[in-house]
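S.K.: here is my input; please provide its structure:
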Amino acid sequence: MEACDLNSPVAGSVASDARPMAMAHQAVHDTVVRILGDLPRGSLLDVPAGEGALAAALVEIGFNVQCCDLYPEIFRLKDIEIKRGDLSGSLPYEDRSFEYVTCIEGLEHIENPQQAVREFARLLRPGGHLLTSVPNILNIEERLKWLFHGYTSHFKPVTRAQVEQARRQFGDKEEVALHIHPIGYAELRYLLEECGFSVAQLYRDKPKTHLWLYWPIVLLIRIITRLAPKQKRKERWTDELASDEVLRGGNTLIVHAILSET
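M.R.: Sure, this is the predicted structure:
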């Protein structure tokens, strides 16, 4: 299931003529399309597919796209195959079926992201590409929000009132709206490497508008991290955690990972 704002409608019919809505921020989709646009075309699985907005964009640039979602009834595209699948379980495809997998705004909605990453490794051919995204809970603004409030913008306490609101609006599709698994860069990289991936590059969706206000703190963090021994920085991924994509990143961190050839 792709992310959806609590104030956004969810489609209720299959293969509607209406234009699919980007349930993630459009800047995230644009970044993914730009990354994949520079790569050879091939077979691609988009999961969770949501209404199909990203899938439509990827078809337009020449990818052979199949889609999967926990709620295929919200999918709006007529000419692309959609199957029901749960990222917390086994997806309905054979081993080594795809050259690419896109998982945008999905991992934070499920209880077991490691199972999802394990499935991506099973479905991809050796050398295959994974594009995935998570809310960036480690940018400087979110770090300060955690310091002062005890939670970040994307992972506020999931109160009973919030759950009830999601159920009233989405019925049995409450997972579409609820972020239940905070996952930062370090946790995601660990899951990827455990499943045979290596991180090729990090991307941010777009810079935050008022980021310049935090420059003194960013500078202080970078000075302090540079004082650590080189080996320790390497072991703890310090440079990545202080990078522009993470520390000065936007709302979403996009990770391009490649599955080992062996």
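S.K.: low pLDDT regions in this structure?
M.R.: Residues of the chain meeting the criterion pLDDT under 70: 1-18.
S.K.: just the strands in it please.
M.R.: 43-46, 64-69, 82-84, 98-103, 124-135, 197-204, 252-259 (DSSP state E).
S.K.: any chance of these in a markdown table, with mean neighbour count and distance to Leu91 too?
M.R.: In short, each C-beta sits where N, CA and C put it, glycine included. Listed next are the strands of the chain as a markdown table, based on neighbours: other Cβ atoms under 10 Å; distance: least, Cβ to Cβ, whole Å:
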| stretch | mean neighbour count | distance to Leu91 |
| --- | --- | --- |
| strand 43-46 | 24 | 8 |
| strand 64-69 | 22 | 6 |
| strand 82-84 | 17 | 8 |
| strand 98-103 | 24 | 10 |
| strand 124-135 | 22 | 12 |
| strand 197-204 | 17 | 17 |
| strand 252-259 | 22 | 15 |
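S.K.: which stretch among these comes nearest Lys232?
M.R.: Lys232 lies closest to strand 197-204 among those, at 19.2 Å (Cβ to Cβ).
S.K.: in stretch 137-150, what's buried?
M.R.: 137-142, 145-146 (16 or more other Cβ atoms under 10 Å).
S.K.: who touches it?
M.R.: 136, 151-155, 182-185, 208, 211, 214, 217-218, 221, 241, 246-250, 253 (Cβ atoms under 8 Å, 6 or more residues apart in numbering).
S.K.: and for stretch 153-167?
M.R.: With Cβ under 8 Å, 6+ apart as the criterion, stretch 153-167 contacts 6, 108, 135, 137, 141-142, 145, 151, 174, 176-180, 182, 251.
S.K.: thank you, goodbye.
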